[in-house]
Structure formats: structure tokens, C-alpha cells
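[1] Next one to model:
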Amino acid sequence: MSDFLSLLMFPSLMVFIIAGFPIAFSMIVVATIFGITQFGDAAAYQLLTKIEDTASNSILAAVPLFIFMGAVLERSGIAERLFGAIHLWTTRLPGGLGVGAIIMGTLFAASSGVVGATEAVIGMLAVPVMLKHRYDKRLISGTICASGSLGTAIPPSITVVVLGPVAGVSVGSLFSGLLIPGLLMATLFLLYIIGVSYLKPEMAPRIEETDQVSLGERLRISLFALLPTLALIFVVLGTILMGVATPTEAAACGALGAVVLALAYRNLTFKVLWHAAVRTMNISAMILLIVMGGSMFAGVFFAAGGMATMQSLLIGTGLDPWMILALILLITFIAGFVLDLISVVLIVIPIAMPIVRILGFDEIWFCVAFLVVLQTSYLTPPLAPAIFYLRAITPPEVTLKHMYAGVVPFIVVQLFVLGLVLAFPSLAMWLPDAMSGPSWK
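    Numbering: from 1, shown residues only. Model (predicted):
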């Protein structure tokens, strides 16, 4: 097989995906076929080595732990209690329910890291209430999709846990580099909702029903709902950023903390633990199988000379480094239409990172920009995964037309944040440099 022939692995992969095969099995099958064609019997050893590498990667142990933590928070009713406490403080603001949904998305993303789970939980809690109070269906759709997408941009993100080892970059540094852009994005989401609700009150009618709740009662509810969740976020994210714990250790503490919280709220039952364990097993198996398939695919592609060919093709074009970077991000954006976030990471990053290093761009800065692009593609119609998650939890009266129109302003916000990250690298680099914590590879 010539070096150029190895590039056929990508169209072959797309054929399998379009034919309806699961992405993980598609990558495994393509890697096996091309590996045997190129290396014969030696391909078996190479593929088995990739399986062992995936199984022995300690960073990936954080994946099921983060998923379990989010599942316990969801199943035990802690997320519902948290949304109610946030709602007490935001209800008087223009678009208060939408503001509460974004804040809830930020907090839940910071204590879970699973994008689909974040959107599903917030949607099930907020959509019925927003419909009851006659919120515009476009605003509802955009708000829920945007709040759910924060699971990519707010650490600890499962996508980042997978991205770090694949890119050869510290997961802790990626978490700290992503924090400021992620919080900036959430803040701009809030400002948009407040602004459009103030200018067009008919899109988000004011709610006065909480006038009967005294300040003391609000403080009491917030104390018991918000503070424990914030403490859990600190245990997970704070310990990573301070260099006290590795991501895997912090995830273990977070999983234990979620169980302790459920026990403290007297919501810890065998049924809750069982459902959380089953959900963890299902999602973890899916993610880790995709990671294994991606590792096998990338290993064969590298060994067959595909990486060197891609580098020579891109660098040999004579394009400006920034144009090459823009091309990589455009490919990422398009791939996000048809593939899940983890698959895009596993396919694009092994090719992109060596090129990024050759061009002299900062690795952490590029990874943060990459994640913002990936999050934007998650929201962008017509194949936006966020819309398909929302479609599954909303009543028929919220149509695809509402959803497509509703996400557009939030996509604009994300592109604005991307522009800021590209124009001002310090947004992604300042906190990692300031924290100067240990490197966890």
C-alpha cells in the first residue's frame, strides 16, 4: 500500500458510517482491513497493542466515574432541587427561566461533563415550566440546546478527558485553559437571553409567583441546594486546577461525593444506584469502545504513512499557517455534523496535532479553539446532535423549525467566543500559565 493509498481509510470509514454501521465498529473494521492489507499477520499484534493501551490508560478511568457522578445527581433528584433553588433567584429577571436554565447548565456541566446528559436533564426540568409560562418556543429551544452544549466547554468535560491523552496534552492544563472561554460563553448566553427578553417581553413573560417566598426561605433553600453542589464542583474541578489531584482521582472523589449528597438528601436508594450504575455502564462502554476503535484506526493510519502524507500535502500547499489552521478547524466543524464529539476527537486530533506543532502554534490554545468549534458544530443545523437530543424530550408543539431558528443566536455567540480565543490566545493560556500545575498525560 502506498502512502497515498492510506488516505483511502477516511472515505472507507465514511462509507461504513453512511451505511448505518456504528462508528466504533466502522473504525475497527476499517483499521483491521487496511492493517492486514499493509502489514499482514503483524497487524494483529499492532491492533492488540492499541486495545491494551486503551485498557491500561489511567486517565480514561475518569470517564465512568464522571458519568456515574452525573447519573447519581440526575437520578437522586439533586438536579431538580438545584434547578428549583436557582429559579428562586432568577425568576424576576427578564427571561428568568432561561437564565436559570443556562446557570443550571453551567453548574451541571461542571459536576458531570457529559453533554447529552446535561441537555436531557435540563430539558426535562425546564421545558415544561417554560411552556407553561408561554415562553417563545424558539427561545426555549435555543436555551436548552445551548445550556446542554456547555458540557463541552465547561470542565470537567468527558471530551477533554479523551482529548488530552490523544493530543499528548495535560488534561489538567486543558481544563484550566477551557475554563475562561467556557464561562465567557455562558455569560454571553445569559446576556443574550436577558437582552432579548427585555426588548421583546412577549418572548419571555415575567413571572411573579415567587413574591410569596421570603428572603429567609430563599436563603434556606439555596443553602441546602446550591452549597453542597458547589462544594462537589470544588472537590472535582478545584482540586484538579490546584494540582492537588489528578483528573482520575478528582473523578473518584466526585463520584463518592455525589453518593454522599444523595445520602444526605435521603434520596439514596437501591433503585437510584442501580439506574445510575446501568447508565454508567452503557455510556462508558459506548465511549470506551469508540476510543479503542479510534486508537486502532489512528495506529494503522500512522504506521501506513498516512500522517506523513497528510503533513506533506497540507504544508506543501504553501498556504499561510493560519490558513492551514482554519482548514483544520473547518474540517472539525464539518465532521461534527455527522460524528459524535468523541469520534471527531479521535479522527481529527491525531492528524492535526503534529501539524499544529510543526506550524508553531501553542497546543493548549489550539485544543481550546478545537473544542469551541466542536461545540459549535454540536449546535449547528441541519444535523445538530443538540437538536436530536431536544427532539426526544420535547412535546410535538415544539417543532424542528422552532429549534433551527432558536439555536442561531447561540451559534453566533459561540463563533464570537471562537474569534476572541483566536485573536487573544491569553484567554486560553493565562490560567494554565498562572496555575502552573503538574502535567498529567
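[2] Could you double-check that residue 68 lies in contact with residue 255?
    Yes: assessed by CB atoms under 8 Å, residue 68 is found in contact with residue 255 at 4.9 Å. (Glycine included, C-beta is placed from N, CA and C.)
[3] So between those two, which is more surrounded?
    Using other CB atoms under 10 Å as the criterion, residue 68 and residue 255 rank with residue 68 on top: 26 against 23.
[4] can you pull out the helices in the stretch 1-150 of the chain?
    In the stretch 1-150 of the chain, helices defined by DSSP state H, counting those that start in this stretch lie at 9-18, 23-39, 42-55, 62-75, 78-90, 96-109, 115-132, 137-153, listed in chain order.
[5] pLDDT weak spots in the stretch 51-200 of the chain?
    By pLDDT under 70, the low-scoring segments of the stretch 51-200 of the chain are 111-118.
[6] Could you rerun that using 90?
    51-98, 100-101, 103-134, 144-176, 179 (pLDDT under 90).
[7] The stretch 201-350 of the chain too?
    Using pLDDT under 90, the stretch 201-350 of the chain drops low at 201-255, 257-258, 261-272, 275-276, 279-321, 324, 327-328, 331-350.
[8] Residue nearest the middle of this structure, spatially speaking?
    Centroid check for the chain by CA atoms, centre = their mean gives residue 152 as the closest residue, at 2.3 Å.
[9] For burial, what's the neighbour tally of the closest residue to residue 174 other than its chain neighbours?
    With CB to CB, 6 or more residues apart in numbering as the criterion, residue 174 has its nearest non-adjacent residue at 5.0 Å, and that residue is residue 160. As a burial measure, residue 160 scores 27 neighbours (other CB under 10 Å).
[10] Residue 232: what's it in contact with?
    Residues counted as contacts of residue 232 (CB atoms under 8 Å, 6 or more residues apart in numbering) are 69, 111, 254, 257-258, 261.
[11] In what element of secondary structure is it found?
    Secondary-structure element containing residue 232, defined by DSSP states H and E: helix 215-233.
[12] Name the next helix or strand downstream of that helix, please.
    helix 239-241.
[13] Report all helices and strands that that following helix contacts.
    The helices and strands touching helix 239-241, judged by 3 or more CB pairs under 8 Å, 6 or more residues apart in numbering; DSSP states H and E, are helix 171-199, helix 247-264.
[14] Quick one: distance of that helix to the chain centre.
    Going by CA atoms, centre = their mean, to the nearest Å, the spacing between the C-alpha centre of helix 239-241 and its chain's C-alpha centre is 19 Å.
[15] Out of the helices and strands packed on helix 239-241, flag the one nearest residue 11.
    Each of the helices and strands packed on helix 239-241 was checked against residue 11 via CB to CB, and the shortest separation belongs to helix 171-199, namely 30.7 Å.
[16] Can you tell me how far the closest residue in space to residue 171 that isn't next to it in sequence is from residue 25?
    Spatially, and ignoring its direct neighbours in sequence, residue 171 is nearest to residue 164 (3.6 Å; CB to CB, 6+ apart). In this structure, residue 164 and residue 25 are 25 Å apart, going by CB to CB, to the nearest Å.
[17] neighbour count winner among the two?
    Looking at residue 164 and residue 25 with other CB under 10 Å, you find the greater number of neighbours at residue 164, namely 26 against 14.
[18] Correct me if wrong: that one contacts residue 176.
    No: because the distance of 12.0 Å does not satisfy CB under 8 Å, residue 164 is recorded as not touching residue 176.
[19] Please enumerate the shared neighbours of these two.
    With CB under 8 Å, 6+ apart applied, the contact sets of residue 164 and residue 176 do not overlap.
[20] Identify the residue nearest residue 136 in space, chain neighbours excluded?
    For residue 136, ignoring the flanking residues on the chain, the nearest one in space by CB to CB, 6+ apart is residue 203 at 3.9 Å.
[21] I'd say the one you found and residue 137 touch.
    No: taking contacts as CB under 8 Å, residue 203 lies outside contact range of residue 137: 9.6 Å.
[22] before we move on, the earlier item: how about the helices and strands packed on helix 239-241 in CSV, adding distance to residue 227?
    As requested, the helices and strands packed on helix 239-241 are arranged in CSV below (distance: least, CB to CB, whole Å):
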stretch, distance to residue 227
helix 171-199, 20
helix 247-264, 11
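[23] Quick one: closest of those to residue 313.
    The minimum distance between residue 313 and these falls on helix 171-199, with 27.9 Å, by CB to CB.
[24] still on that earlier bit, what's the angle between the helix holding residue 232 and helix 78-90?
    In terms of direction (axes from the mean of the first three to the mean of the last three CA atoms, to 10 degrees), helix 215-233 departs from helix 78-90 by 130 degrees.
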